[in-house]
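Q: Take this sequence and fold it.
(chains A and B)
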Amino acid sequence: QKEVEQDPGPLSVPEGAIVSLNCTYSNSAFQYFMWYRQYSRKGPELLMYTYSSGNKEDGRFTAQVDKSSKYISLFIRDSQPSDSATYLCAMSARTGFQKLVFGTGTRLLVSP
Amino acid sequence: DTGVSQNPRHKITKRGQNVTFRCDPISEHNRLYWYRQTLGQGPEFLTYFQNEAQLEKSRLLSDRFSAERPKGSFSTLEIQRTEQGDSAMYLCASSFGGVAGEQYFGPGTRLTVT
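A: As a prediction, this is how the structure comes out:
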C-alpha cells in the first residue's frame, strides 16, 4: 500500500465549476502538506503549503488538512480552462529537510 | 529567470551509455533535491544536498547513480551504464533553509534510453 493515495482521474468539469481534489495518507508522522500543479512535460509548480490541520486560502484555491482522518483536499473555485493540469499532493514528516512523498497526481480537465 | 534551471531538457541515449544532468538552483537556496518521475506517477525522492554535503540517498539510487554538488552551488546527476528502466523525467528542486523549506522545482530533464 502506498503512503499517499490519490485518484488519478481524469476529472472533467465545465468552466466555472468548483473542483475538489483529495488525497489520503497512512503515515501519521506527516505534518507538512503541499499541493503542486504540473502541466504536461513541465516541472511541478508549488500552489499551496500548509502545516498540520486547518484551512488555508489563496485566491481561488483553498487547502484543507484533516489529520484525524489523514485526508487533505484542494478546492478550486471558478475553475478556468487554464487550470487543466495534473495536481499532485505531497507531504513530509520533518522540518527543514523535507523528503516529499507524492501522490500519483489527479489529471483535471476544465472545458470552456 | 531566477527559478531552478536544468540542462539538458531532453536526452536520448543508447543503453549502456553514461549521461550527466545539471541543475542550477535558486541562488539563495542552500538545499537541493533530485527526484525521478515516471509516466503517470508522482515524483520519487532520490537524494538531497545541504550546501555541498549529500545528506540522504534513497535506495532507488543504485550504485550506477552518482550526484555531486561542488561548492554548494549547481549539482550534477550522473547515470552510468544506462538501462531502459532509467527512462524517466529527472527533476531538481531547491529550498531555503529553515522550518518551512518549500521546494521549488525545475522544468526537468527527460531521459529516454533506447
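Q: for chain B, what are the nearby residues on chain A?
A: Residues of chain A found near chain B (C-beta under 8 Å from any C-beta of the partner chain) are A:4, A:6, A:8, A:34, A:36, A:41-46, A:49, A:88, A:90, A:95-105. In this view, the C-beta of every residue, glycine as well, is placed from N, C-alpha and C.
Q: List buried members of the residues you listed by neighbour count.
A: The neighbour-count test (16 or more other C-beta atoms under 10 Å in any protein chain shown) marks A:4, A:6, A:34, A:36, A:43-44, A:49, A:88, A:90, A:97-105 as buried among the residues of chain A next to chain B.
Q: give the contact list for residue B:72.
A: B:30, B:49, B:51, B:52 (C-beta atoms under 8 Å, 6 or more residues apart in numbering or on different chains).
Q: in the sheet, who's paired with residue A:38?
A: residue A:86 (DSSP bridges).
Q: okay, now it: neighbour count?
A: Residues lying near residue A:38 (other C-beta atoms under 10 Å in any protein chain shown) number 22.
Q: Does it touch residue A:46 like I think?
A: No - shown here, residue A:38 and residue A:46 do not form a contact pair, counting by C-beta atoms under 8 Å, at 10.6 Å.
Q: what's the distance between the residue of chain B found nearest chain A and residue B:68?
A: At 3.0 Å from chain A, residue B:42 is the closest residue in chain B, using C-beta to the nearest C-beta. Residue B:42 sits 26 Å away from residue B:68, going by C-beta to C-beta, to the nearest Å.
Q: These two: who's more crowded?
A: Taking other C-beta under 10 Å, residue B:42 and residue B:68 do not tie; residue B:42 has more neighbours (23 against 13).
Q: Which residues of chain B lie near chain A?
A: B:4, B:6, B:31, B:33, B:35, B:40-45, B:48, B:50, B:55-56, B:91, B:95, B:97-108, B:110.
Q: Right, I'll call it a day here.
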